[in-house]
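Student: Show me how the following folds:
(one chain, ligands or ions: 1)
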Amino acid sequence: MAQKIWLNGSLVDQENAKVSVLDHGLLYGDGVFEGIRVYSGKIFREKQHIDRLYNCAKYIRLDIKMSKEEMIDAMHKTVEANGVTDGYIRLVASRGAGTLGLNPFHCPKPTVFIIAANIQLYPEELYENGLAVVSSSYMRNPSQCVPPQVKSLNYLNNILAKIEAIDNDVLEAIMYNSQGYVAEATGDNVFIVKDDIVCTPPVQAGSLNGITRQVVLELAAQAGYKTAEKNLTRFDLYSSDEMFLTGTAAEVIGVVKIDGRTIGDGKPGAITKDLRKRFYNCVNE
Ligand code: PMP
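Tutor: Numbers count the residues shown, from 1 in each chain. So this is what the prediction gives:
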């Protein structure tokens with residue numbers, strides 16, 4: 001069955017889901033997006049994702065011209081039309097087609113599309129064995145430039161770091177801010193465990209306030225672990241007892257090597273595994 005894409009108000013076959021070459025999302029990365037999971041037929045943390053999308057749209061002064069309720073309804077229709085019970089939703093709101101100039105206000109209406117598909121970012125064995133990562137030489141965008149809290153279509157900063165990771169034969173890179181503190185990975189948030197405390201950088205260090213990050217912080221606290229949102233240095237990562245990444249697509253995945261240094265005993269740690277298990281229980285509740 002052809003995949004159905006929700007595009008500007010209706011569900012169309014994928015081959016007919018086309019956007020203009022004058023869309024500023026394409027020309028300038030001018031737009032916002034969300035990645036959302038469906039688990040057991042339920043959209044995970046739907047409200048948080050939609051709130052984030054609308055807050056990001058507000059930041060870039062994009063009027064999506066749909067209410068949050070209409071957006072949620074469109075998402076449900078797309079999921080249903082594609083028979084997705086466990087999968088991934090990509091929701092994009094771009095500035096829409098306009099003139100060749102930068103002026104976003106010459107784009108009369110936004111382009112909104114929703115894709116619901118299956119996803120497996122990493123093979124199962126990586127969840128068992130953990131990832132290796134490198135530190136990126138690219139600084140994460142400072143918030144005076146493109147704020148990392150805005151989930152915009154402008155991902156070149158992350159993509160350049162991702163290329164660096166791939167050139168180093170690993171799949172993820174850690175990005176730091178202008179002060180040398182850990183910001184985030186190219187598509188995930190970063191956590192460490194040190195002396196039984198589950199730590200992650202504050203979003204102000206230069207990261208997206210990941211929904212998975214928020215869920216993991218909640219689950220860790222519920223499980224009785226001490227948690228801390230505090231600035232982390234490269235030294236903190238190298239000397240951590242455990243390290244893991246969180247994200248909608250990656251979920252919770254252990255990191256076992258960074259810049260050639262082994263974390264812990266080179267296997268995902270006990271707290272990482274516990275939080276991963278708790279995350280699965282939570283999404284399938
Ligand atoms: N940081 C970046 C740069 C991301 O792209 C993502 C994925 N959306 C995350 C962090 C994790 O956020 P979330 O848990 O909401 O998917």
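Student: Run through the bridge partners of the residue in the stretch 1-150 of the chain positioned nearest to the ligand.
Tutor: The stretch 1-150 of the chain approaches the ligand most closely through Gly35 (5.0 Å), counting by Cβ to the nearest ligand atom. For glycine as for every other residue, the C-beta is placed from the backbone atoms N, C-alpha and C. For Gly35, the beta-bridge partners are Arg90 (DSSP bridges).
Student: Tell me, how many residues neighbour it?
Tutor: A total of 16 residues lie near Gly35 under the criterion other Cβ atoms under 10 Å.
Student: Enumerate every residue touching it.
Tutor: By Cβ atoms under 8 Å, 6 or more residues apart in numbering, Gly35 lies in contact with Tyr88, Ile89, Arg90, Leu91, Thr248, Ala249.
Student: ok, which of those also contact the ligand?
Tutor: Thr248 (Cβ under 6 Å from any ligand atom).
Student: So which of the contacts of Gly35 is the closest to Tyr54?
Tutor: Tyr54 has its nearest neighbour among those in Leu91, at 11.1 Å by Cβ to Cβ.
Student: tally of neighbours for Lys226?
Tutor: Close neighbours of Lys226, defined as other Cβ under 10 Å, add up to 12.
Student: Domains in this structure, by residue range?
Tutor: 4-117, 124-283 (automatic domain parsing).
Student: How far does the longest one stretch from one end to the other?
Tutor: End-to-end distance of domain 124-283 (Cα to Cα, to the nearest Å): 18 Å.
Student: With the first one instead?
Tutor: Using Cα to Cα, the gap from the first to the last residue of domain 4-117 comes to 10 Å.
Student: Kindly report the same for stretch 249-263.
Tutor: 23 Å.
Student: related to what we said a few turns ago, and the domains of the chain as a markdown table, adding mean pLDDT?
Tutor: Putting the domains of the chain into a markdown table (pLDDT from 0 to 100) gives the following:
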| stretch | mean pLDDT |
| --- | --- |
| domain 4-117 | 97 |
| domain 124-283 | 97 |
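Student: still on that earlier bit, what distance do you get for the residue of the stretch 1-150 of the chain closest to the ligand to Tyr88?
Tutor: Note on Gly35: its distance to Tyr88, by Cβ to Cβ, to the nearest Å, is 6 Å.
Student: Common neighbours of the two, please.
Tutor: Common contact partners of Gly35 and Tyr88 (Cβ under 8 Å, 6+ apart): Thr248, Ala249.
Student: so what's the residue sitting furthest away from the middle of the chain up against?
Tutor: When each C-alpha in the chain is compared with the mean C-alpha position (Cα atoms, centre = their mean), Thr99 comes out farthest, at 30.3 Å. Going by Cβ under 8 Å, 6+ apart, Thr99 touches Leu22, His106.
Student: tell me which residues form a beta bridge with Val193?
Tutor: Listed by DSSP bridges, the beta-bridge partners for Val193 are Val198, Glu242.
Student: Flag every residue of the stretch 1-150 of the chain that's near the ligand.
Tutor: Gly35.
Student: Which parts of the stretch 1-150 of the chain are strands?
Tutor: Along the stretch 1-150 of the chain, counting by DSSP state E, counting those that start in this stretch, strands occupy 4-7, 10-13, 31-39, 42-43, 87-94, 111-117, 131-139.
Student: would a markdown table of those with distance to Thr262 be doable?
Tutor: Below are those laid out as a markdown table (distance: least, Cβ to Cβ, whole Å):
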| stretch | distance to Thr262 |
| --- | --- |
| strand 4-7 | 44 |
| strand 10-13 | 49 |
| strand 31-39 | 31 |
| strand 42-43 | 38 |
| strand 87-94 | 32 |
| strand 111-117 | 35 |
| strand 131-139 | 9 |
